[in-house]
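J.: got a sequence here, can you model it:
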Amino acid sequence: QGFIDNYDCYYSYIRERLAGQGGENGCWMQISYEELIEDQKAVAGNVYKFLGGIAPFEPRSGQSGQSQRQTNGNLASAVHNFEQLRYAFSGSDREADFYDS
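T.: Just a heads-up that it's a prediction; the model follows:
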């Protein structure tokens, strides 16, 4: 929980520093990983618009243009304290991340 609190505080700090500097329609924009994964085309469209209306591009042939898992390995074997984390997140909205889908 400490990491999450520090993470949230860091980004709150950044937003405070950028307040009044144009926000989404000015000199900066915020994109979350979750938004990007949920709707890549819409987020990319917003980025193109932010960058001055540049034309969207298609991935080069041989590239899917989609986010893909980098390994098929088992997460439990890659994370030393996986069971502790699974227990710590049980009952939270992140619990599903600790089970294969």
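J.: neighbours of the closest residue to M29 other than its chain neighbours, how many?
T.: Residue nearest to M29 in three dimensions, not counting chain neighbours: F50, with 4.9 Å by C-beta to C-beta, 6 or more residues apart in numbering. C-beta here means a position set from N, CA and C on the backbone, and glycine is covered the same way. Applying other C-beta atoms under 10 Å, we find 16 residues neighbouring F50.
J.: show the pLDDT at F50.
T.: Looking at F50, its pLDDT reads 84.
J.: ok, the most centrally placed residue in the chain to Q84 distance?
T.: For the chain, the residue sitting closest to the mean C-alpha position, by C-alpha atoms, centre = their mean, is Y33 at 1.5 Å. According to C-beta to C-beta, to the nearest Å, Y33 stands 24 Å off from Q84.
J.: shaky segments in this protein?
T.: Along the chain, the model assigns pLDDT under 70 to residues 1, 3-4, 22-26, 57-71, 100-101.
J.: switch to 90 and redo it
T.: Residue ranges of the chain with pLDDT under 90: 1-82, 89, 92-101.
J.: top helix in it by residue count?
T.: Assignment by DSSP state H gives helix 2-18 as the longest helix of the chain.
J.: contacts for that one?
T.: Helix 2-18 is contacted from outside by 28, 30, using C-beta atoms under 8 Å, 6 or more residues apart in numbering.
J.: so after it, what's the next helix or strand?
T.: Sequence order places helix 33-38 as the next helix or strand after helix 2-18, per DSSP states H and E.
J.: restricting the selection to alpha carbons, write that next one to PDB.
T.: As requested, the backbone C-alpha atoms of helix 33-38 are provided in PDB (Å, rounded to 0.1, in the frame of the first residue of the first chain):
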ATOM      1  CA  TYR A  33      -1.800   2.700 -19.400                       C
ATOM      2  CA  GLU A  34      -5.300   1.500 -18.800                       C
ATOM      3  CA  GLU A  35      -6.800   4.100 -21.200                       C
ATOM      4  CA  LEU A  36      -4.300   3.100 -23.800                       C
ATOM      5  CA  ILE A  37      -5.000  -0.600 -23.500                       C
ATOM      6  CA  GLU A  38      -8.800  -0.100 -23.400                       C
END
